[in-house]
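**Student:** generate a structure from the sequence data that follows.
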Amino acid sequence: MSQQEYDNALHIGGSIETALNGRYRLDPFEIIKEAFSQTFKHFWSFLPATLGLFATQIGILMLMLTLLLGAPSHLFEALVGQRELTTDMISSIWLANFTSEVLIAPLYAGASLMGLSHAIGFRSKPRHLLKGLAFALPVTVVICLSATLQSVASMIFPLLSLYVAMAFSMAPLLICEKRVMPMKALTVSFRAVNKKLFQMATIYAVVGVLFLISFATAGFALVWALPFLFNVKGVIYREMFGVGVEVTVSQKEESNTTSASETSSPSSDQDTFDA
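**Tutor:** Sure, this is the predicted structure:
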């Protein structure tokens, strides 16, 4: 039977205007609570993507260290005192880390979009990690600029780099979801985050504690910390900037009744968010 489709635009959460004016609610306890709930709910579908992202970054990091130092083991030997930690080694670490962050930018954007999809009630699949490739160039530019500013900030005061990372944390999602240009995305993210700086710092402090626990457990806790990080970003973005969602409503011409795909809880592949 033929069907007629109607495209309805829905908006969930805040907006750029309200974010820049600070007229959005950001309760650290509620954000963390919801992010934990989303991480638990989507754990097994999200885990392969986040681990894939992590493995890719580590692979690039090790490759760069091999090219710069001859072998990554030289760095490890220096860290345990078996070899002198030279200025060249420190520079190589910085360059290798910078390169890995920039090269994984599209995958980072994909993971961020997956976290955002969870925040607005949609499911994600591991292959959605590749959605960020559609925004590869602008997202890479943003990550490159952000990483450079973080490096400069760390030279001034180490903790300042954490503030810079937090201030620009929403920029990749602004590019992917709002189609904002890189420089504007950085500016908007910076201004909006500073409107709720204490709340943002509280939320990211909890995230930081989880990553410290991950290091203390030889990386084991990363299986939870990584998905949690992107779910936190998704919930914050929804509350801060809001999300525009296009929903296709299908209606049977003869019976004038809605089909199963119109319900508020779509199933199977329909329950996914497209940026």
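**Student:** hey, C-alpha coordinates of the helix or strand containing residue 231 in PDB?
**Tutor:** Under the criterion of DSSP states H and E, residue 231 resides in helix 222-241. Provided in PDB are the C-alpha atoms of helix 222-241 (Å, rounded to 0.1, in the frame of the first residue of the first chain):
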ATOM      1  CA  LEU A 222      38.800   2.800  30.100                       C
ATOM      2  CA  VAL A 223      36.100   0.400  28.900                       C
ATOM      3  CA  TRP A 224      33.700   2.500  30.900                       C
ATOM      4  CA  ALA A 225      35.500   5.900  31.000                       C
ATOM      5  CA  LEU A 226      35.700   6.300  27.200                       C
ATOM      6  CA  PRO A 227      32.000   5.800  26.400                       C
ATOM      7  CA  PHE A 228      31.100   7.800  29.500                       C
ATOM      8  CA  LEU A 229      33.200  10.800  28.200                       C
ATOM      9  CA  PHE A 230      31.300  10.900  24.900                       C
ATOM     10  CA  ASN A 231      27.900  10.500  26.500                       C
ATOM     11  CA  VAL A 232      28.700  13.400  28.900                       C
ATOM     12  CA  LYS A 233      29.600  15.500  25.900                       C
ATOM     13  CA  GLY A 234      26.400  14.600  24.200                       C
ATOM     14  CA  VAL A 235      24.200  15.500  27.100                       C
ATOM     15  CA  ILE A 236      26.000  18.800  27.700                       C
ATOM     16  CA  TYR A 237      25.700  19.700  24.000                       C
ATOM     17  CA  ARG A 238      22.000  18.900  24.000                       C
ATOM     18  CA  GLU A 239      21.400  21.100  27.100                       C
ATOM     19  CA  MET A 240      23.700  23.900  25.800                       C
ATOM     20  CA  PHE A 241      22.900  24.200  22.100                       C
END
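**Student:** mind giving me the packing neighbours of it?
**Tutor:** helix 16-20, helix 28-41, helix 43-69, helix 105-119, helix 171-178, helix 197-216 (3 or more C-beta pairs under 8 Å, 6 or more residues apart in numbering; DSSP states H and E). In short, each C-beta sits where N, CA and C put it, glycine included.
**Student:** will you turn these into CSV that also has distance to residue 243, mean neighbour count and mean pLDDT?
**Tutor:** Below are the helices and strands packed on helix 222-241 laid out as CSV (distance: least, C-beta to C-beta, whole Å; neighbours: other C-beta atoms under 10 Å; pLDDT from 0 to 100):
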stretch, distance to residue 243, mean neighbour count, mean pLDDT
helix 16-20, 12, 17, 93
helix 28-41, 14, 17, 96
helix 43-69, 18, 17, 93
helix 105-119, 7, 26, 96
helix 171-178, 6, 25, 96
helix 197-216, 19, 15, 92
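**Student:** can I get those helices in CSV with distance to residue 222?
**Tutor:** Shown next, in CSV, are the helices and strands packed on helix 222-241 (distance: least, C-beta to C-beta, whole Å):
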stretch, distance to residue 222
helix 16-20, 30
helix 28-41, 12
helix 43-69, 7
helix 105-119, 13
helix 171-178, 20
helix 197-216, 5
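**Student:** now do the helix holding residue 231: distance to the chain's middle.
**Tutor:** 7 Å (C-alpha atoms, centre = their mean, to the nearest Å).
**Student:** and the angle from it to helix 43-69?
**Tutor:** Here helix 222-241 points in a direction 100 degrees away from that of helix 43-69 (axes from the mean of the first three to the mean of the last three C-alpha atoms, to 10 degrees).
**Student:** could you tell me the angle between helix 222-241 and helix 105-119?
**Tutor:** Using the same axes, to 10 degrees: helix 222-241 against helix 105-119 is 70 degrees.
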